Structure formats: structure tokens, C-alpha cells
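K.L.:
Fold the following for me, if possible:
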Amino acid sequence: MARSKHIDTQPKFLPVDLARQLLPGTFEHAVHHLLEEAIDLSAFDARFKNDATGAPAYPPALLLKVVLAAYAHGVVSSRGIERLCREHVTFIALCGDQPPHVTTLAEFVSTSGDAIARVFAAVVAICDRQGLIGREMFAIDGVKLPSNASKRRSGTRAEFERQAAKLGAAAHTILERHRAADGLPAEPPLAEKDRRRVARLTKDAAELRAWRRRQPADRRGPKGTVRQSHRTDNESAKMATGTGVMQGDTGAAAVDARHQIIVEAQAYGTGSEQEILLPVVDGMREQELLTEQSVVTADAGDHSEAHLTALAERQVAAVIADHQMRQRDERFATQERNRTKPDPLPGTQPHQA
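P.N.:
Model (predicted):
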């Protein structure tokens, strides 16, 4: 019987040259080189005030490297990134065996939005210098992203005022019931759950009124209509999806056709793609990516007379599908066969044709 060497995968103490773990040609090697050598990160220095006193801070380049590399591997939580920096040799090399704490990563990501956006612009500029951006065609599309915010806390200012009044009235009713019970010969104690409910209702009502003081006006949509606000994440919005209504944002990206480089990406607090096309186009114009020969493409969700007019005024050539395109295109003649059929019987699951 053939014999094979025993492969031992148990932990070992091994001498490791961390610099050699970042292999040329890999994403991690490119990120390490760009953030250490090519991209100006001085904008992050304003975050720190430890020139004379205080502990040394993690270099912004280190934090950016581990965050971007983790995103490339599908890890999008601070706890997951911290674990990679302690256990995965590539991430140990990226952070120089100085793993940042989960709170450091979370605070960096949540408070560095503008500075990180400038890093993104610098990466696009480097891709352009390397000839990776063709400027011939840009495709724009959006996707709905859930946010960590409760739908229950969405509404207009008038709705929040009615909620506050309702909560105040409920708390008052419970207190009146308590006072009435105190007047009875055999005084029953107020239940603990009633005391907690009064405290909760009073606190919620106070938070609603405090929010209204901080937000003196309703949010407005592009047509001037009142848009629902959110008390904890006012940049997000309610949006309809195939599985119901969620609280979140619409993520939009523009991709160059030559090498599929993402040249513009933002998240917008709206459930309508109608509101993201022009901001994305304007973002590309600010980066001087659009030329007279450039063509922008988008799907039917971005089609409107207002958009066509605005693009013509900006002298941007665009190809945008209209809402009747599939009815005219013979390639979609058989699309009905792939639609979900209605339930044949109540309580059964839908099936595909």
C-alpha cells in the first residue's frame, strides 16, 4: 500500500518575512504600494491631535489597506476585519502585525467619508494615467441597499408630531389610572411594566419633539413634495423592493467600458433611480472623465424627459432605454414565458413557467 507524507496543519512557530507575503500582481500588493507610495493621505492628519501628547495613532494607510483588502474578500464588518488582522497572514503583513481594535476600525470607517472619497478619486486618477480608462462608454446603474435603521422611525414632521402627542396621551392615561388606583381603599401597587411603559412613552415623545427642533423643515423631493424623514438616519429612505418595503439607500456606480473600472460611486437617500443619474454624471464631469466622444448608458429606470433635456444641456451623449423598449425589441418577444405565474391555489407557492 502506497505511503504518503503526513501533512500537519496544526499551529506552528515559523519565521515569516511579512514583506514577502504581499505577492506582486495581487490586489493586496497593489493596495499596499498605492497607499504607501502614490496616494496623498495628508487629509487624514487633521483627525489626530497627538503631536505633543497622547498615544501614537494607527497610520491611516494601514487602516485603509486592511479595510479595502477585507472588502475585496467580502468581509464588511469591523469585527471580521480585526479577526483577519490577527489570524490571516496576508492581513498580518498589511498591518505589520499591529492589528487594530474593532472600535478603531469602526470609528475610522464611520467618520472618514469625505477623506476616503478623495482617496477613491486618487485611485481613479492613477487608473487613468495607466491607460485603464477608455472614456468611450460609461454604464450607470443603481442598486437598493438596506441601512441599519428602523422603518418605524420614518415619517414627516406632521406624522412625528402626531406620534409624540399620541405617546404623551398614553403616558398621561397610565398616570391617571395610577392616581385613581392610589385613591382606592385597598391601594394596589403600580405594576412594574406600567412604570416602564410610562418611562418609555415619555422618552419617545421627548425624542420626537427634540428631533423636530433640530429639523426645522421637512425633506423635499425633486418636485417639491414632502419626503419622509428618519429620526436616526435621515439620509436614508423607505424604498419598495421585490420582498417588501425596506429602509435604506440607493447605491449608484458608473463603470468605464474598457476595463470595467468604477469611476464614480455614491449612496443616495432615495428609493428612486430617477434622482441618481444626474449627480453621477456631474461627478464624472468634475473628474474630467467625459469627453465629446464619451457615451453614457443607463436603463429604463433613469429615462425621463427631464433627464434627456438636462443631458442635452450638459452636452453629454447618452443611450437610455425607455419604458416601452422591450415591447418593440424582437429579442424580448418570448419574455412572458419567464414571468412568474399567479398562484394556482390559495396558499401555494408561485412557480416559474
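
K.L.:
where does residue 249 land in three-state SS?
P.N.:
With DSSP: H, G, I helix; E, B strand; the rest coil as the basis, residue 249 sits in strand.

K.L.:
isn't it right up against residue 268?
P.N.:
Yes. Counting by CB atoms under 8 Å, residue 268 is a contact partner of residue 249 at 6.2 Å. (Glycine included, C-beta is placed from N, CA and C.)

K.L.:
So between the two, which is more surrounded?
P.N.:
Counted by other CB atoms under 10 Å, residue 249 and residue 268 do not tie: residue 249 has more neighbours, with 23 against 19.

K.L.:
So what pairs up with that one in the strands?
P.N.:
Bridge pairing for residue 249 (DSSP bridges) gives the partners residue 145.

K.L.:
Please apply the same query to residue 237.
P.N.:
Bridge pairing for residue 237 (DSSP bridges) gives the partners residue 248.

K.L.:
what about it, distance to residue 95?
P.N.:
To residue 95, residue 237 is 36 Å away according to CB to CB, to the nearest Å.

K.L.:
Equivalent analysis for residue 337, please.
P.N.:
Here the distance between residue 337 and residue 95 works out to 53 Å (CB to CB).

K.L.:
out of the two, which sits in the busier spot?
P.N.:
Between residue 337 and residue 95, residue 95 has the larger neighbour count (other CB under 10 Å), namely 22 against 9.

K.L.:
excluding its backbone neighbours, what's nearest that one?
P.N.:
residue 85 (4.9 Å; CB to CB, 6 or more residues apart in numbering).

K.L.:
can I assume that neighbour is in contact with residue 101?
P.N.:
No. Residue 85 is not in contact with residue 101 according to CB under 8 Å; the separation is 9.7 Å.

K.L.:
who has more neighbours, the two?
P.N.:
residue 85 (25 against 12).

K.L.:
residues touching the more buried one, list them.
P.N.:
66, 91-92, 94-95, 99-100 (CB atoms under 8 Å, 6 or more residues apart in numbering).

K.L.:
for the residues you listed, which one is nearest residue 303?
P.N.:
When the contacts of residue 85 are ranked by distance to residue 303 (CB to CB), residue 66 comes first, at 41.1 Å.

K.L.:
thinking again about what came up before, buried subset of the contacts of residue 85 as a ChimeraX selection?
P.N.:
Only the buried entries of those go into this ChimeraX selection, using 16 or more other CB atoms under 10 Å:
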select :66,91,92,94,95,99,100
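
K.L.:
Take the contacts of residue 85 and write them to a markdown table, including distance to residue 303, secondary structure and pLDDT.
P.N.:
Output for these, formatted as a markdown table (distance: CB to CB, whole Å; DSSP: H, G, I helix; E, B strand; the rest coil; pLDDT from 0 to 100):
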| residue | distance to residue 303 | secondary structure | pLDDT |
| --- | --- | --- | --- |
| 66 | 41 | helix | 94 |
| 91 | 44 | helix | 95 |
| 92 | 49 | helix | 94 |
| 94 | 44 | helix | 94 |
| 95 | 46 | coil | 93 |
| 99 | 49 | coil | 94 |
| 100 | 45 | coil | 94 |
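
K.L.:
Would you mind giving the contacts of residue 85 as JSON lines with distance to residue 125 added?
P.N.:
Putting the contacts of residue 85 into JSON lines (distance: CB to CB, whole Å) gives the following:
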{"residue": "66", "distance to residue 125": "23"}
{"residue": "91", "distance to residue 125": "27"}
{"residue": "92", "distance to residue 125": "30"}
{"residue": "94", "distance to residue 125": "23"}
{"residue": "95", "distance to residue 125": "26"}
{"residue": "99", "distance to residue 125": "31"}
{"residue": "100", "distance to residue 125": "27"}
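
K.L.:
Can you name the helix or strand that residue 211 falls in?
P.N.:
helix 192-214 (DSSP states H and E).

K.L.:
remind me which residues of the stretch 251-353 of the chain are low pLDDT?
P.N.:
Filtered on pLDDT under 70, the stretch 251-353 of the chain yields the residue ranges 271-273, 338-353.

K.L.:
let's go with 90 and repeat that
P.N.:
251-253, 258-262, 264-279, 283, 286-289, 291-292, 299-308, 321-353 (pLDDT under 90).

K.L.:
all strands for it, in order.
P.N.:
Taking DSSP state E, counting those that start in this stretch, the strands of the stretch 251-353 of the chain run over residues 262-268, 295-298, 317-320.

K.L.:
now the stretch 51-200 of the chain
P.N.:
Using DSSP E, counting those that start in this stretch, strands in the stretch 51-200 of the chain cover 137-146, 154-155.

K.L.:
and among those, the most buried is which?
P.N.:
strand 154-155 (a mean of 20; mean count of other CB atoms under 10 Å).
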